[in-house]
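[1] Provide a 3D model corresponding to the input given below.
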Amino acid sequence: MSNSFYSIYSHGFIRVAVAIPSVRVADCNYNVERTLHLARRASKSHIAIVLFPELGISAYSNEDLFHQDALLDNARSALDSIKTQSRDILSIIVVGAPLRFEGKLFNCAVVIYKGRCLESSQKHIFRIIENSMRSGSSRLLGMLSSEKSPFSAKQFHSAMS
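    Okay, the predicted model is just below:
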């Protein structure tokens, strides 16, 4: 658009989308493929932020599988795959995944932008840990990203409160 008046971004608004891919229980590779397909569509539609379902990387109804190393390792690899394959996607991607950290299991939202993990936040912990674990949350982000976090620990903790 040549006239910025007609752009919602010039008025302080952004386009946000909720995307619900078809998923297969415990098939992280398939779920990543479907997630990235919708993320690319969102990017082409000039969506600023695209939100995916809670635990969408592994699917929600895994029950006992959440405690299996194979599923948790695949979920972690799937996040690495999204990071790698999202470098050309202009939208901020928010995905849900089960993550193990320091022997504990977390239900996390992970924010990815152009190949970088910007943020990770736990929704809740699968009934195996108390709120005192919050002090380890900034280390959880470090586990997901080889880059230094653009957010301070104070900002990270206040976002989780």
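[2] tally of neighbours for Arg76?
    Counted by other CB atoms under 10 Å, the residues lying close to Arg76 total 18. To be clear about C-beta, it is placed using only N, CA and C from the backbone, and glycine gets the same treatment.
[3] so it touches Phe106, yeah?
    No: applying CB atoms under 8 Å as the test, Arg76 and Phe106 come out as separate, 11.7 Å apart.
[4] any shared contact partners between those two?
    Residues touching both Arg76 and Phe106 by CB atoms under 8 Å, 6 or more residues apart in numbering: 99-100.
[5] how about low-confidence regions in the chain?
    1-2, 62, 123-161 (pLDDT under 70).
[6] what ranges does it have for its strands?
    16-18, 49-51, 92-101, 104-113, 116-125 (DSSP state E).
[7] with mean neighbour count added, can I get these in JSON lines?
    What follows is the strands of the chain, written out as JSON lines (neighbours: other CB atoms under 10 Å):
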{"stretch": "strand 16-18", "mean neighbour count": "14"}
{"stretch": "strand 49-51", "mean neighbour count": "20"}
{"stretch": "strand 92-101", "mean neighbour count": "22"}
{"stretch": "strand 104-113", "mean neighbour count": "20"}
{"stretch": "strand 116-125", "mean neighbour count": "18"}
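[8] mind putting those in CSV, distance to Cys28 included?
    Converted to CSV, those look like this (distance: least, CB to CB, whole Å):
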stretch, distance to Cys28
strand 16-18, 21
strand 49-51, 19
strand 92-101, 8
strand 104-113, 13
strand 116-125, 16
